[in-house]
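Novice: Okay, predicted coordinates and the sequence, questions at the end:
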Amino acid sequence: MSLFNSLTGRQEPFEPVDGAKVRMYVCGPTVYDEPHLGHARCYITWDVLYRLLKYLGYEVTYARNVTDVDDKIIARAEKEGVTPATITDQYYDHFIQAMRALNVLDPDSEPRATEYIQQMLEGIQVLIEKGAAYTTPDGSVYFRVHTKADYGKLSRKPLDDLKAGARVEVDSGKEDPMDFALWKGVSGDVINPSDMKWASDMKWASPWGWGRPGWHMECSAMNMAMFGPQIDIHAGGADLVFPHHENEIAQSEAWTGVTPFARYWLHNGFVNVSGEKMSKSLGNFATIGQVLARYDANTIRYFLLTHHYRMPVDFHDQALEGAQNRVVKLHRALKSAVQKLGLEEQTLFSSLVWPYAQKYGDDAWQVDFTAFNTAMMDDLNTPQALACLNRVIDGLNSTEFDAYPSPEEGLKRTLAVALALFHILGFSIAPLFQAEEALLPKDSLLDLYHAFHTEKAPENTPARDLLTSLIELRQLAKTTKNWSLADDIRNRLSAEAGIQLMDRKDGSTTWEKLPDHV
RNA sequence: GGCGGCAUAGCCAAGUGGUAAGGCAGGAGUCUGCAAAACUCUUAUCCCCCAGUUCGAAUCUGGGUGCCGCCUCCA
């Protein structure tokens, strides 16, 4: 397993400090707004890494924090006239719903910044004692950047260059423009608690007066509390490299004296929307909910995984539809095999996938499994991993299983490998077991029923029965070689109800609900 | 201005010294009453341009052009 380490700028073999134990920390969301595609990309990427590490046998402890104290939260609360906790509860809830909808595994822990104030204060105290931080008259504490000789090592920004371009802040009380806040004093604020009741929620008592933590401090404190002075993997979006991660490194290493704070720094690339960078300031961010309304979770994941995680990704419909077309085929092949074998969702992995997937080393699909592993261990080369999945799926569709003791055995082994890859990449098997009846458009089917039948449909006829009746009518038309009627029924079902009819060799007709194009 | 990244077929995208993965779309065939699905075959003499290194480069070096990002909130 090797990973591209932002700290060294190279791809390196992955070796955890403590044998098979992996301490992995990912910067979580600031919960003040709807989760967007940037979050989807980030957390799907690290979800895949988490799944892969576990699959490879590592004992992973995955922490993903929740930033629930921040100026943006306060601003939002003020704007809406509610407490900050109302905002953070609401958007945390939305975030978790989005993650579940995207089939992102829950991390092992989700520490909240507000639960670690004490640890932050302890860390800040140590930094002051070591001379790496200083207080200002307004009750703030700043990190003294020049005391950290290797400051800038992650983002490769020499301190002098940064200073040259630093924005001048007025009345900050900082010794140096590059110094950053560990603690933001609010004692000097003119806050009338009776007017702004929420203000008390975002203030904590500290040795330097009332205040709240600076942005970066929470990650250092939570890592220290959960993992100690050094972790294996620290990941997040590329936009966090500077200043967030740079400052986190500075304060953590100055605090503990242990270097490096995180041994592997991993960063995922940006998300663009129709060619433009998605950002808060541009106001063009697409929420996860908006995209999920148009494409299913597996499509979004497939689309993201066709790109290497460090490359930028551009969300636009032509590309998304390409992914959707492929995912529909994937689902169709897997669903068909699952049905042929009469498998059940709950026992799919315990009864088939894990017992079979790696058992038969001489199977053709094992070659693809090995290639898959190689690709994934090469800095998560998911595009190549998907190529392996595609080959296995093609194999699933071809009914030739001559090399196996029986066709059923061949189908089982092939499906097991396909589903293993499917699972490691984090795709959901839910669509393979989805009852399609629930997706039938009742109104359209009723209209079509009346278009082709002279009798009115009885009250409350289930959509499924309406469809069955239309299929039977078409079967009759076919037996009398009334092709125009048969074709008419088929064409209108497709055009008006999104239902594709398929005639099988044995004379029966099956159907499939086409994806909705919103 | 400083730093970094990217440029591969109609579209998306791997590969990074040995002669272009995969997907979508398109074309042909098998199957079908016709379709759909599925399968098979097919679609870049070439990887932004120029020069160089090399037996050999899309892959390395130098120069150029274009696009993007970070240096400010953002995943």
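Specialist: That came in fine, so what should we check first? Numbers count the residues shown, from 1 in each chain, chains lettered A, B, ... in the order given.

Novice: List the backbone torsions phi and psi for the one residue in the stretch 201-350 of chain A that gets nearest to RNA strand B.
Specialist: Among the residues of the stretch 201-350 of chain A, residue A:237 lies closest to RNA strand B, at 2.2 Å counting by CB to the nearest atom of the strand. Placement of C-beta: from N, CA and C, glycine included. Backbone geometry at residue A:237, expressed as degrees, to the nearest 10, gives phi -70, psi 150.

Novice: what bridges to it?
Specialist: residue A:268 (DSSP bridges).

Novice: give me the number of residues near it?
Specialist: 21 (other CB atoms under 10 Å).

Novice: Now do the contacts for it.
Specialist: Residue A:237 makes contact with A:27, A:38, A:41, A:42, A:267, A:268, A:270, according to CB atoms under 8 Å, 6 or more residues apart in numbering.

Novice: domain parsing for chain A?
Specialist: With automatic domain parsing as the criterion, the domains of chain A are listed as A:17-277, A:295-432, A:437-513.

Novice: Now do residue A:450, the pLDDT please.
Specialist: Note for residue A:450: predicted pLDDT of 94.

Novice: repeat for residue A:165
Specialist: Value listed for residue A:165 in the pLDDT field: 53.

Novice: coming back round to it: may I ask which of the contacts of residue A:237 comes out lowest in pLDDT?
Specialist: Scanning the contacts of residue A:237 for pLDDT, the low point is residue A:270. It has 90.

Novice: Show me what from the stretch 301-450 of chain A comes close to RNA strand B.
Specialist: Taking CB under 7 Å from any atom of the strand as the contact definition, the stretch 301-450 of chain A meets RNA strand B at A:306-308, A:311-314, A:318-319, A:321-323, A:325-326, A:329, A:332-333, A:378, A:381, A:383-384, A:386-387, A:390-391, A:393-394, A:397-398.

Novice: Show the buried residues in the residues you listed.
Specialist: Applying 16 or more other CB atoms under 10 Å to these, the neighbour count classes A:306-308, A:313-314, A:321, A:323, A:326, A:333, A:381, A:384, A:386, A:390-391, A:393 as buried.

Novice: Out of the contacts of residue A:237, which are close to RNA strand B?
Specialist: A:27, A:38, A:41, A:42, A:268, A:270.

Novice: residues near the last one, how many?
Specialist: I take that to be residue A:270. Using other CB under 10 Å, the number of residues around residue A:270 comes to 18.

Novice: Taking the stretch 1-150 of chain A, what residue is nearest to RNA strand B?
Specialist: residue A:38 (2.3 Å).

Novice: which residue sits closest to that residue, ignoring its sequence neighbours?
Specialist: In space, and not counting its chain neighbours, residue A:38 is closest to residue A:271: 5.0 Å by CB to CB, 6 or more residues apart in numbering.

Novice: Might one say that that neighbour is in contact with residue A:312?
Specialist: Yes. Counting by CB atoms under 8 Å, residue A:271 touches residue A:312, with 7.5 Å between them.

Novice: which two from the buried ones among the residues of the stretch 301-450 of chain A next to RNA strand B end up farthest apart in space?
Specialist: A:314 and A:333 (27.9 Å; CB to CB).

Novice: For stretch A:356-374, measure first residue to last.
Specialist: In stretch A:356-374, first residue to last residue: 20 Å (CA to CA, to the nearest Å).

Novice: meant to ask about stretch A:111-122, not that
Specialist: Stretch A:111-122 has an end-to-end distance of 17 Å (CA to CA).

Novice: pLDDT on that stretch, on average?
Specialist: Stretch A:111-122 carries an average pLDDT of 95.

Novice: Quick one: find the helix or strand in chain A with the lowest mean pLDDT.
Specialist: Within chain A, confidence by mean pLDDT, DSSP states H and E is lowest for helix A:159-165 among all helices and strands, at a mean of 65.

Novice: does any part of the helix or strand just after it sit near RNA strand B?
Specialist: Next helix or strand after helix A:159-165 toward the C-terminus (DSSP states H and E): strand A:180-185. No. Interface with RNA strand B: strand A:180-185 contributes nothing (CB under 7 Å from any atom of the strand), its closest point being 8.2 Å away.

Novice: repeat for stretch A:48-57
Specialist: No. Judged by CB under 7 Å from any atom of the strand, stretch A:48-57 stays clear of RNA strand B, getting no closer than 13.3 Å.

Novice: can you pull the buried residues of the helix or strand in which residue A:302 is found?
Specialist: For residue A:302, the enclosing helix or strand under DSSP H and E is helix A:297-305. Neighbour counts using 16+ other CB under 10 Å place A:297, A:298, A:299, A:300, A:301, A:302, A:303, A:304, A:305 of helix A:297-305 among the buried residues.

Novice: can you tell me how far the third one sits from residue A:94?
Specialist: According to CB to CB, to the nearest Å, residue A:299 and residue A:94 sit 21 Å apart.

Novice: Please apply the same query to the first one.
Specialist: From residue A:297 over to residue A:94 the distance is 16 Å, taken as CB to CB.

Novice: in the stretch 51-200 of chain A, which ranges drop under the pLDDT threshold?
Specialist: The stretch 51-200 of chain A contains residues with pLDDT under 70 at A:161-172, A:187-200.

Novice: redo that, cut-off 90
Specialist: A:71, A:74-75, A:77-79, A:81-83, A:137-139, A:156-178, A:185-200 (pLDDT under 90).

Novice: just the strands in the stretch 251-400 of chain A please.
Specialist: A:262-268, A:271-273, A:276-277, A:313-315 (DSSP state E, counting those that start in this stretch).

Novice: Please produce CSV containing those, extended by distance to residue A:178.
Specialist: Formatted as CSV, the strands of the stretch 251-400 of chain A follow (distance: least, CB to CB, whole Å):
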stretch, distance to residue A:178
strand A:262-268, 20
strand A:271-273, 29
strand A:276-277, 26
strand A:313-315, 32
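
Novice: hey, where'd the helices end up in the stretch 51-200 of chain A?
Specialist: All helices of the stretch 51-200 of chain A, identified by DSSP state H, counting those that start in this stretch, fall at A:71-80, A:84-101, A:117-129, A:159-165.

Novice: Same question for the stretch 401-518 of chain A.
Specialist: Ranges of helices in the stretch 401-518 of chain A, per DSSP H, counting those that start in this stretch, are A:407-424, A:442-452, A:463-479, A:483-497.

Novice: Tabulate those helices (JSON lines), appending distance to residue A:245 and mean neighbour count.
Specialist: As requested, those are arranged in JSON lines below (distance: least, CB to CB, whole Å; neighbours: other CB atoms under 10 Å):
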{"stretch": "helix A:407-424", "distance to residue A:245": "28", "mean neighbour count": "22"}
{"stretch": "helix A:442-452", "distance to residue A:245": "52", "mean neighbour count": "16"}
{"stretch": "helix A:463-479", "distance to residue A:245": "53", "mean neighbour count": "17"}
{"stretch": "helix A:483-497", "distance to residue A:245": "51", "mean neighbour count": "16"}
